[in-house]
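J.: 3D model of this:
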Amino acid sequence: MAHAGVQRLASVDALRGLTVAAMLLVNNPGDWGHVYAPLLHADWQGCTPTDLVFPFFLAIVGVSIALGVVPRAEAGGDRAVLMRAVAVRALRILGLGLLLHLLAWWWL
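T.: Numbers count the residues shown, from 1 in each chain. Below is the predicted model of the structure:
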């Protein structure tokens, strides 16, 4: 949710979308008996594109938090209000995840 006066960066949104698409691809590459090699994790040493998806996801989460919180903090926003907003968002995401998991478990 963008706040008044906060400009969204298309590059961050694009990287977030590509990362989520990559997460879906590497978690569901099709027939597990015939998987394109770059969609598999490296056995122990080495690195494949699949091994980079989660680190990219964590990086974009950190960038998104910084871009959302730092400008409001620098503008003089109350630290308690900012921390409460972050906590409420985290609880909403956690609750939604638990709800979706419960619904999937119940229906399937």
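J.: tell me which strands and helices the helix or strand that residue 71 is a member of is in contact with?
T.: Using DSSP states H and E, residue 71 sits in helix 49-74. When contacts are defined as 3 or more CB pairs under 8 Å, 6 or more residues apart in numbering; DSSP states H and E, helix 49-74 packs onto helix 10-27, helix 79-107. From N, CA and C alone the C-beta is placed, and that goes for glycine too.
J.: other SSEs contacting the shortest one?
T.: So the one you mean is helix 10-27. The elements that helix 10-27 packs onto, with contact taken as 3+ CB pairs under 8 Å, 6+ apart, are helix 49-74.
J.: Tell me what angle the helix it packs on forms with helix 79-107.
T.: Here helix 49-74 points in a direction 140 degrees away from that of helix 79-107 (axes from the mean of the first three to the mean of the last three CA atoms, to 10 degrees).
J.: list the buried ones in helix 49-74?
T.: Residues of helix 49-74 classed as buried by neighbour count (16 or more other CB atoms under 10 Å): 50, 53, 56, 57, 60, 68, 69, 72.
J.: residues contacting the first one?
T.: For residue 50, the residues meeting the contact criterion (CB atoms under 8 Å, 6 or more residues apart in numbering) are 26, 38, 39, 40, 41.
J.: Turn those residues into a markdown table, including pLDDT, secondary structure and neighbour count.
T.: As requested, the contacts of residue 50 are exported to a markdown table (pLDDT from 0 to 100; DSSP: H, G, I helix; E, B strand; the rest coil; neighbours: other CB atoms under 10 Å):
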| residue | pLDDT | secondary structure | neighbour count |
| --- | --- | --- | --- |
| 26 | 91 | helix | 20 |
| 38 | 86 | helix | 11 |
| 39 | 88 | helix | 17 |
| 40 | 88 | coil | 15 |
| 41 | 87 | coil | 12 |
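J.: from these, which is closest to residue 76?
T.: residue 26 (42.3 Å; CB to CB).
J.: Apart from its chain neighbours, what residue comes closest to the closest one?
T.: Nearest non-adjacent residue to residue 26, counting by CB to CB, 6 or more residues apart in numbering: residue 50, 4.5 Å away.
J.: Now do that neighbour, the pLDDT please.
T.: Per-residue pLDDT puts residue 50 at 91.
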